[in-house]
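A.B. asks: coords please:
(chains A, B, C and D)
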Amino acid sequence: MKIKKEVIYFLLLLVIILPLIFGISFKIKPTEPVINFFQEINSLKKGSFIVVTISFDPSTKAELLPMLDALTYHLFKNDIIPVYMNPLNANVTNLGYLSIKKIARKMKKKENSDYYYLGFVPGDKSALQDMGEDFYSVYKKTFDGKDLENFNIFKNIQKISDFSLLIDLADGNSTLDLLTYINTKYGVPMASGVTAVMASEYYPYLNSGQLLGLLGGLRGAAEYETLLDMSAKARRGMSAQTFAHILIFILIIIGNYEYFKGKRHGNN
Amino acid sequence: MFNNAYIFADSNGIIKSGRGESLLFFIFVLILFTLSYLLKIKHLPTRKLSGIEAIEEAIGRSTEMGSPILYVAGLKPVPAVSAIAGINVLGKIAEVAANYGTPIISPHNNSITMISAREEIKSGFLRAGNPELINSSKIFYITDSQFPYAASINSLTNEVKPGAIFYMGTFYAESLILTEHGQSTGAIQIAGTDSVAQIPFFITSCDYLLMGEELFTASAYIKKDLNSLKGVLMQDIAKIGIILYIIIRLLSKNL
Amino acid sequence: MSILREKGMGIINIIVILLMLSVLSFVFKDNHFFKFTERLLVGVSAGYGFLIIFNAGFIKKIWIPLFYSTGTNNFFQVMNIILPCLLGLLFFTSFSKKYGFLAKYPLAFLLGTGAGVEIGPRIETSIMRQINSSVVDFSNLSLFEIFNYIIILIAIVTTMYYFLFIVRGNKKRENFIANIGIFFMMIGFGASFGYTIMGRLSLLIEVVDMFRERIFSIFGLL
Amino acid sequence: MKELIALLIVLIGGVIMTLQYFLNIPVLDLIYKNVLDWSIVISTFALLLAIRSLLARQFQDLKFKKVKSIFPLTTIISFFTVVILGLIFGIGEKTPVDFIYQNIQVPLQATVFSLLAFYISSAAYRAFRAKNFSSTVLLISGSIVIIGRIPLGDFIAKITTLHINGSVISLIDFPAWTKWILNVPNVGIKRAFIFGITLGIISTSLKVIFGIERGWLK
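C.D. replies: Just a heads-up that it's a prediction; the model follows:
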C-alpha cells in the first residue's frame, strides 16, 4: 500500500489552510540567537543610526517581511533611526517600503527624519566598497527622490563605519558578502535575519562572533514577535507551520513503516 | 571573542592593515601550489568518487536511449568560481558526449555563463574531433530570475526528455524543484554543488552527488588529468596544514 | 496591498488567481495551462531583467557618464568607458568563423579578474576568521562546553579527512575516520533538511495568503 | 599568439585583483574599482547576446510546430510588451511595468516557489528512509529538528520534565537537542565544508589565473 502523492498534497493544503482560517496562535519560546539579536537592538542608544539592508526577493517575503515588520516596530519603539537600503538585489526596487510606511504612520514617525528608505543602487560589491569611503558617493537621494544632504543623516553619517549596526535581511548569500566587505573591512557590527534554509549555514559565523544575532525563518520572526509581546503575521503562520510539521513527521513514520514491511515481505 | 594574532598591524605599511595573516596563508598556499608543479610528479593516486565515474555511464545510457543530455548551470554566474568549476566540468562532459555523438542542451540564467558554456562546449567538441555536433542554439539563455528559470527548465525537461541531467554550480531553493521533477522523468541525475544548504535535497532526489569541494576537483578528476590533479594535491596538503595549525594554536593556548 | 482595491482590479485579480492555479496544477501533472503561464512568466521576467540591466549598465555606466556628466572630460575617463564597451562588443564576433576567437578576450578578462577578486576576501572571511574561532581558551569553559568543543573539533577533522582526495590514496573502502566524518555530515544534513522544511512550508502559507487577498478583494471584502 | 594574449589577460587581471586585496597600493585600489565597473559594462553587451538566443529559440519553435505556436508567441509578446513599456514609461513606482511586475511576476514567482512545499512533503515520505546506517542518522537528526522547531517540542519537553533532588531534567527535550545539533555537529561540519570549499575556490582560481585550466580556450 502506498499513499498517492495527490493525497499528500491535499492533506498538506488542508493542514495549512485550516489553522489560518481559524486563527490559531501559539506562544513561541525564544532561542538564544534571537534573544541576542533582540538585546543588541535594546543596547543601542536613542537616536543612533543603523543600516537595514533589504536583500531578499519577493519570493521569500513570506519569511522575511514579518521580520522586517517586527524589527521596524522595535526600532521605532526604541527611537532608533533605521536607514533602509538595498545594494545587493536588483530584482526589487521598493520591497518593504509600503509596510514600513504603514508602521511609521501608526507610530507617528516621519520619513526622512525618523527613518530613511534609499532603495536599490546598482554596483554590487563596488557600491559596498564606495560606501566605506563616502556614503553619499553611492546614495545621493532617497527612494522618493529627495536630496539626502538636506536631512539630519548628512550631519551624522559620512561613511558606512559611522553606523552603529548593520542588519541584513536576506535570502541568499548577501550576509556573507556583507560580512566580507563591510563587517570585516570596516568593522560595522552585524546581525542578520535570514530564511530558514540559510540559517544553519550561518551558525559558524554566529559561533565565531562575526554575527551578533540571527533570526532564522518564520520561527525566528515568531520568536522575535514573542519577545516584543506582539502577535502578528509570523505567529499566525507558525500555527499552520506546526500542523504541517506534524503531518510531515507522520509521513516519514508511515514511509519507514512501509519500507520495513516491504523489506520483510521481500525476504520471505 | 576571536583572537587576532595579526602580524602586520601597521596601516601605513605596504600590507593593508589586518590582512597580514591572510597574506601569509595565501603565500603558504601559493608555495604549495608552485611546489606541486615544480616537483616532477609522475602519478597521483586518487580516492574514488562515484559521482565522477557515473558521468560517463550516464552519458552512455543517454546515448543508448537516443536522448540528449541536459546541463543546468547554477544560479551564481561566471565569473564566480563555483560557476567556472561547473563550466570546466561541462567541457569534459562535452568531450565524452562528442565521442558518443550525443547532443547537449543547456539552458542558462546568465549571459556570461551562457557564453562561457558555449565556448567550453565548442572547445570540448573540437578536442574530441567532432565539430559537426556544435550547435550554439542548444545553449541558450532563459532569464535571470530564479523561479521563472526553474519553471522553464521543468517544462523543458518534459519537452526534450533527456537521458541524463547534470547540475553543476551554486544552487539555491530551486534545487528541489528541478531535481524532484527531473527524477520523475526517469533521467539519471548527477549534481555537483558547493551550496551546503542544498546538499540534503540533492541527496534525496539525485542519483549521484559531488558535494562541496568535490565540485572544484571534478574537472581534474574526470580525465585524471595530472596537470589539474596537482592543484588538488595542493588542496589536500593545505587542508592538513589548517588542521595542524588549529591544533598547534590550541595547544599553545592551553598548555 | 491597497492597489488590489482599485477600479478594474476585479478582472485582473481573477486572471492572476487562474494563473496561480495553473502553476499549482503542475504538481499533479504537466499541462498546457502550466506551459502557457511558464512562457508568460519567462517573457515578463526576461523583459524586466533586461530593463534593470539596461538601466544599471547602459544608462548609468555608459550613456550618462559619456554624454551628461561633467566629470568625464579627459581622455582617460572617456577611455575608461569606451574600452569596456569595445571589449563587450567583441562578444559579437563569435558569429564569425574568421574572427570568432576575439570573443574569448572579454571572457578572459572576466575570468581572470573574477578569479582574482575572490581569493583574498575568501581567505579572510572563511579561513582565517574560522580558524581563529576554532581556537578557544579552555580555562573559562564549563565541562559541557569543553565536551562540545571537542566534538566540533572531531567533526571538523574527520569531515576534512573524508574529503582528502589524493593523500588518502585509491583505497576502495572508506576507512574508520572517514566514516566518522560521514556520521557527522549526516547529522548536519539532517538538521539542514529539518530546518528547511519550515522555510518551504512558509512559502505555501504566503501563497495561500495571496489567494485570500485576491479573492477577498474580488468580493470587496478587503 | 592569439591564445597567448588571452592567457596574458587572465594572468595580469588575476594577479592584480589578488594583490589588490592584500597590498596597500592606491593604484591597485583604483584599478579594482574600475574593473568592477568594466565587468558591469561588458555584461550589458553579453546580455544582448543572451536575449538574442532566448528569442531565436522562441522563433524557431514558432516555425515548426504550428499548433503549439501559442507558447513561444506568449514569451515573445510578453517580453516585448514589458521592454517597450519600460523604455517609454520607465520602471519606477506606479509605471505600467511595475504594475505587470506586481501582478504577474511577484505572485507567479511565489507560486512556483511554493511548489517546493509539495515536493518537500513527498520527498520526506519517499526518500527519508532508514535504509542503512548513514540514512538512519540523517533521518533521526532531521526528525529531531522537525519537532524541535515547533511549539509541540516545547510542550513535550514541559510534560516530561522531572524534578530530582532540586535539579530540573527534561527527558524528551527536542528543542534542546535541536539547539545542540545546530550548535555542535552542524557547526563542525559546516566549518569543514567552508575550509574545503574555500581551498577548492583558491585552487581553481589559481589554475585559471595561471592558465592550467583553459578548456574555454580550446
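
A.B. asks: going by C-alpha atoms from here, please, whenever you check contacts or count neighbours.
C.D. replies: Will do.

A.B. asks: now the strands: where do they sit in the stretch 151-268 of chain A?
C.D. replies: Using DSSP state E, counting those that start in this stretch, the strands assigned to the stretch 151-268 of chain A run over residues A:166-170, A:190-194, A:214-216.

A.B. asks: distance of the residue nearest the centre of chain C relative to chain A?
C.D. replies: The C-alpha lying nearest the average C-alpha coordinate of chain C belongs to C:Gly49 (Cα atoms, centre = their mean; 15.0 Å). Plainly put, C:Gly49 is 8 Å away from chain A if you go by Cα to the nearest Cα, to the nearest Å.

A.B. asks: tell me which element that residue is part of?
C.D. replies: In this structure, C:Gly49 sits in helix C:32-53 according to DSSP states H and E.

A.B. asks: does any part of that helix sit near chain B?
C.D. replies: Yes - counting by Cα under 8 Å from any Cα of the partner chain, chain B is contacted by helix C:32-53 at C:35, C:38-39, C:41-42, C:45-46, C:49.

A.B. asks: would you map out the domains in chain C?
C.D. replies: In the assignment given by automatic domain parsing, the structural domains of chain C cover C:1-69, C:139-222.

A.B. asks: could you dump those to a markdown table with mean pLDDT?
C.D. replies: Shown next, in a markdown table, are the domains of chain C (pLDDT from 0 to 100):
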| stretch | mean pLDDT |
| --- | --- |
| domain C:1-69 | 86 |
| domain C:139-222 | 87 |
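
A.B. asks: go through those domains and name the closest to A:Gly220.
C.D. replies: Proximity to A:Gly220, assessed across these by Cα to Cα, is greatest for domain C:139-222 (10.8 Å).

A.B. asks: how far off centre is the closest one?
C.D. replies: Using Cα atoms, centre = their mean, to the nearest Å, the distance from the centre of domain C:139-222 to the centre of the chain it belongs to is 18 Å.

A.B. asks: what of stretch A:172-192?
C.D. replies: Relative to its parent chain, stretch A:172-192 has a centroid offset of 15 Å by Cα atoms, centre = their mean.

A.B. asks: does any part of it sit near chain D?
C.D. replies: No - counting by Cα under 8 Å from any Cα, no contacts exist between stretch A:172-192 and chain D, the nearest distance being 10.6 Å.

A.B. asks: give me the distance between the two termini of that stretch.
C.D. replies: With Cα to Cα, to the nearest Å applied, stretch A:172-192 spans 12 Å between its terminal residues.

A.B. asks: quick check: buried residues in it?
C.D. replies: Judged by neighbour count using 16 or more other Cα atoms under 10 Å in any protein chain shown, the buried positions of stretch A:172-192 are A:172-192.

A.B. asks: mind giving me the domain ranges of chain A?
C.D. replies: For chain A, the structural domains run A:1-25+A:233-268, A:26-230, going by automatic domain parsing.

A.B. asks: redo these as TSV? Include distance to C:Val78 and mean pLDDT.
C.D. replies: Supplementary listing: the domains of chain A in TSV, determined by distance: least, Cα to Cα, whole Å; pLDDT from 0 to 100:
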stretch	distance to C:Val78	mean pLDDT
domain A:1-25+A:233-268	52	86
domain A:26-230	19	87
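
A.B. asks: for A:Ile246, what are its contacts?
C.D. replies: D:Ile147 (Cα atoms under 8 Å, 6 or more residues apart in numbering or on different chains).

A.B. asks: for B:His108, same thing?
C.D. replies: B:72-73, B:114, B:139-143.

A.B. asks: could you check the pLDDT of the residue nearest to it when sequence neighbours are not counted?
C.D. replies: Excluding the flanking residues, the one nearest B:His108 by Cα to Cα, 6 or more residues apart in numbering or on different chains is B:Tyr141, at 4.6 Å. Model confidence at B:Tyr141, expressed as pLDDT, equals 95.

A.B. asks: A strand includes B:Ala197, no?
C.D. replies: No - applying DSSP: H, G, I helix; E, B strand; the rest coil, one finds B:Ala197 to be helix, outside a strand.

A.B. asks: state the distance from it to B:Tyr71.
C.D. replies: Here the criterion is Cα to Cα. By it, B:Ala197 lies 21 Å from B:Tyr71.

A.B. asks: please identify the buried residues of the longest helix belonging to chain A?
C.D. replies: In chain A, assigned by DSSP state H, the helix with the most residues is helix A:233-267. Of the residues in helix A:233-267, those with enough neighbours to count as buried (16+ other Cα under 10 Å) are A:233-249, A:251-256, A:258-259.

A.B. asks: ditto for stretch A:6-15
C.D. replies: Using 16+ other Cα under 10 Å as the burial criterion, the residues of stretch A:6-15 that qualify are A:8-9, A:12-13, A:15.

A.B. asks: just the ones in helices from these, please.
C.D. replies: With helices identified by DSSP H, the entries of the buried residues of stretch A:6-15 that belong to them are A:8-9, A:12-13, A:15.

A.B. asks: hang on, the earlier thing: got JSON lines for the domains of chain C, with distance to B:Ile240 too?
C.D. replies: Listed next are these as JSON lines, based on distance: least, Cα to Cα, whole Å:
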{"stretch": "domain C:1-69", "distance to B:Ile240": "44"}
{"stretch": "domain C:139-222", "distance to B:Ile240": "8"}
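
A.B. asks: follow-up on the earlier one: ok, which of the buried residues of stretch A:172-192 also contact chain B?
C.D. replies: A:Gly172.

A.B. asks: low-confidence ranges, chain D, go.
C.D. replies: Applying pLDDT under 70 to chain D flags the ranges D:64-66.

A.B. asks: can you tell if the lengthiest helix in it touches chain A?
C.D. replies: Taking DSSP H as the assignment, the helix of chain D that covers the most residues is helix D:26-64. Yes - judged by Cα under 8 Å from any Cα, helix D:26-64 comes into contact with chain A at D:33, D:36-37, D:40.

A.B. asks: tilt between that helix and helix C:32-53?
C.D. replies: 150 degrees (axes from the mean of the first three to the mean of the last three Cα atoms, to 10 degrees).

A.B. asks: touching chain B at all, helix D:26-64?
C.D. replies: Yes - counting by Cα under 8 Å from any Cα, chain B is contacted by helix D:26-64 at D:43, D:46-47, D:49-51, D:53-54, D:56-57.
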